[in-house]
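Enquirer: Give me a model of this one.
(one chain, ligands or ions: 1)
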Amino acid sequence: MSSKTTLNSPIKESSSSINSSSSASKLVLYSFWQSSCSWRVRFALNLKGLLYEYKAVNLTKGEHYGPEFERLNPLHYVPVVVDDDIVLSDSYAILLYLEEKYTQKPLLPVNPWLRALNLQVASIINSSIQPLHMMAILMYMEKKLGIREPQLFAQSAIEKGLYALERLLKDVASTYATGEEVYMADVFLAPQIAVASTRFSIDMSKFPTLSRIYESYKALPEFQASSPESQPDACNTPMPQHHRLIESVTGAPVPNK
Ligand SMILES: N[C@@H](CCC(=O)N[C@@H](CS)C(=O)NCC(=O)O)C(=O)O
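Expert: Below you'll find the predicted structure:
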């Protein structure tokens with residue numbers, strides 16, 4: 001089944017599997033509803049008002065290890081964006097590509113310092129926070145160290161990163177991270193904050209600036225439409241805790257403690 005997901009279309013009615021073939025739209029996003037990296041790209045596509053076809057890659061079923069996905073991204077991670085004959089993976093590179101090719105609603109400010117600050121925030125999240133709580137890492141840790149250690153490790157890595165981001169942005173942030181416009185920093189921050197509080201139970205009251213700007217994101221239709229619950233492959237279950245995600249991947253029941 002093929003699908004097209006846009007900000008203006010009824011998102012729930014369309015769903016697509018990785019094996020679907022036909023597509024009228026030019027941009028295709030391979031995504032998993034709970035993936036924060038995919039969420040960044042969904043948010044950016046919506047901000048730029050770009051139509052795209054949504055192709056769901058079910059990470060809990062290991063679809064990202066199949067041969068079709070291997071051809072798109074040999075690293076086996078979502079998101080992947082296909083734009084005609086161009087195939088791109090890694091949300092950071094995808095965002096820079098979209099920014100240069102689709103110039104409407106710029107996601108990087110002109111001011112060199114604010115531009116660099118946006119890239120710094122995006123890079124911190126992309127390289128110093130999310131990789132430390134990604135599914136493959138936590139599953140590996142669980143095998144080696146047991147059920148509790150991965151969650152504690154992830155919480156500590158996320159808190160360290162959020163502390164740095166809070167310090168970095170507290171004197172710059174206004175409605176959004178770097179002022180009155182939504183930029184790249186916000187595109188990376190919004191899913192990271194959501195995942196921190198829902199999936200990893202981080203107490204966001206320790207980060208008042210980040211908490212405040214997160215309230216601004218929640219009011220944006222482009223953010224609402226990019227949220228996990230709004231995706232065609234969303235399950236009617238709450239965002240799982242780490243151990244429940246592992247359970248669904250391996251099929252093995254995992255004790256609560
Ligand atoms: N830096 C990459 C990271 C991609 C990544 O970690 N994707 C996760 C979902 S957010 C994934 O596909 N995980 C699969 C796994 O851990 O096996 C990006 O920003 O796209």
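Enquirer: Up against the ligand, what does this protein have?
Expert: Counting by CB under 6 Å from any ligand atom, the chain comes close to the ligand at 35-37, 59, 64, 77-79, 90-92, 126, 134-136. C-beta coordinates here come from the backbone N, C-alpha and C atoms, glycine included.
Enquirer: Hmm, residue 82 is touching residue 31, no?
Expert: No. Checked against CB atoms under 8 Å, the pair residue 82 and residue 31 is beyond contact range at 11.8 Å.
Enquirer: Looking at these two, which has the bigger crowd around it?
Expert: residue 31 (28 against 18; other CB atoms under 10 Å).
Enquirer: Could you list which residues are in contact with the residue nearest to that one when sequence neighbours are not counted?
Expert: Spatially, and ignoring its direct neighbours in sequence, residue 31 is nearest to residue 38 (3.7 Å; CB to CB, 6 or more residues apart in numbering). Applying CB atoms under 8 Å, 6 or more residues apart in numbering to residue 38 gives the contacts 29-32, 78-79, 91.
Enquirer: Closest one of the residues you listed to the ligand?
Expert: residue 91 (3.5 Å; CB to the nearest ligand atom).
Enquirer: Return the distance of the closest one relative to residue 216.
Expert: 21 Å (CB to CB, to the nearest Å).
Enquirer: Of those two, which one has the most company?
Expert: For the pair residue 91 and residue 216, the greater number of neighbours falls to residue 91 (29 against 18), based on other CB under 10 Å.
Enquirer: For that one, list the residues it contacts.
Expert: Counting by CB under 8 Å, 6+ apart, residue 91 has contacts 37-38, 40-41, 79, 126, 188.
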